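In: for reference, the sequence and a predicted model appear below.
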Amino acid sequence: MSEKRYVRGITGVSLVAILFALVLAGVLLQWDVITLNTHSFSAEHTVPMPLMVVLVLLVLVCGAVWALAKVRLLSKAEMLCVVFAMMIAIPLMTQGFWHRFIGITATIPQDPVMFQYQGRFPDKLWPHGPNILENAFEKDNTTGRTINGNVTWEEIEYQPGKKAVMPVLVNKVGDENARIRIKIPMTRDGEDIFSIKEPFLFSLCVRPGKSPKFEMNAKSKYYCRIFPDDSQTSVPIFHSSASGKYTFIQESAFARIG
């Protein structure tokens, strides 16, 4: 029985080939996306198009050298390392890094679709500061909180095996309007909580409708507004009439909005 023989894939030749391939892919992307503005060679596909173009050129060059001079430029192991490096690097050179990674980690999300998956993202993906609404919806914490209409407090399972006491807003007739208003101070313990010009992320989980299907009346809606400095003019944050929905992420039919 023959012994296994390991062949090095990371060699000086393969490193030079990786650099050559990445530079060639960068030139191709620059020419296509910036110069021609056609976006034909998108790097967002499962197998990036620039990778395939550069790989075909590399195989043709290696094949031509072998046919003319019987010199093998790259072994199978080295070629595998070149392909692997391009599969990781080329998406990062374009959309994956500049358009996705940097954008997600450096800015506060504003796309409503983003909030649907927020519960499955790491908490440190975007800039964070203090939670200025921490404990604001706890039953015993009435500081700065005003309640209007039919609001009760019930223990609810918000995730499988996890329960918490939450406010439940109930409207039984069309002209009822259950509401919770929370006053947020500018300072706390002598320190500024936030600045007027700072961007903030507002997000919460709601479960509209009645159990067990949590279907919302089409004429009903839930909303959030901000009233700055006791002003009667509000700034709308969101309003919706969507029903609760069981999903893979929200197994208890809660919907995250913001």
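Out: Now that the structure is in, tell me what you want to look at. Numbering: from 1, shown residues only.
In: what's downstream of the single longest helix found in the chain, the next helix or strand?
Out: In the chain, with assignment by DSSP state H, the single longest helix is helix 49-69. Remark: after helix 49-69, the chain's next helix or strand is helix 76-93, criterion DSSP states H and E.
In: which helices and strands sit right next to that following helix?
Out: On a contact count with 3 or more C-beta pairs under 8 Å, 6 or more residues apart in numbering; DSSP states H and E, helix 76-93 meets helix 12-29, helix 49-69. In short, each C-beta sits where N, CA and C put it, glycine included.
In: what about the nearest residue to Ala21 once chain neighbours are set aside, how many residues close to it?
Out: Nearest non-adjacent residue to Ala21, counting by C-beta to C-beta, 6 or more residues apart in numbering: Val54, 4.9 Å away. Close neighbours of Val54, defined as other C-beta atoms under 10 Å, add up to 24.
In: now the one 3 residues further on
Out: Number of residues near Leu57 (other C-beta under 10 Å) recorded here: 14.
In: so it touches Leu24, yeah?
Out: Yes. Using C-beta atoms under 8 Å, Leu57 is in contact with Leu24, at 7.2 Å.
In: report the contact partners of Ile180.
Out: 137, 145-148, 151, 167, 169 (C-beta atoms under 8 Å, 6 or more residues apart in numbering).
In: tell me what it is bridged to.
Out: For Ile180, the beta-bridge partners under DSSP bridges are Ile147.
In: would you agree the residue nearest to Ala21 is in contact with Val27?
Out: No. With contact defined as C-beta under 8 Å, Val54 does not count as touching Val27 (9.7 Å).
In: which residues in the stretch 101-250 of the chain form strands?
Out: 145-148, 150-159, 162-170, 179-182, 187-188, 191-192, 204-206, 222-226, 235-240 (DSSP state E, counting those that start in this stretch).
In: export those to TSV and tack on mean pLDDT and distance to Glu198?
Out: Compiled in TSV, the strands of the stretch 101-250 of the chain are given as follows (pLDDT from 0 to 100; distance: least, C-beta to C-beta, whole Å):
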stretch	mean pLDDT	distance to Glu198
strand 145-148	87	23
strand 150-159	86	29
strand 162-170	87	27
strand 179-182	88	18
strand 187-188	78	14
strand 191-192	79	10
strand 204-206	83	19
strand 222-226	86	14
strand 235-240	83	15
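In: how about the nearest residue to Glu138 once chain neighbours are set aside, what does it touch?
Out: In space, and not counting its chain neighbours, Glu138 is closest to Val165: 7.5 Å by C-beta to C-beta, 6+ apart. Contacts for Val165 (C-beta under 8 Å, 6+ apart) come out as 138-139, 153-156.
In: nice, that's everything, thank you.
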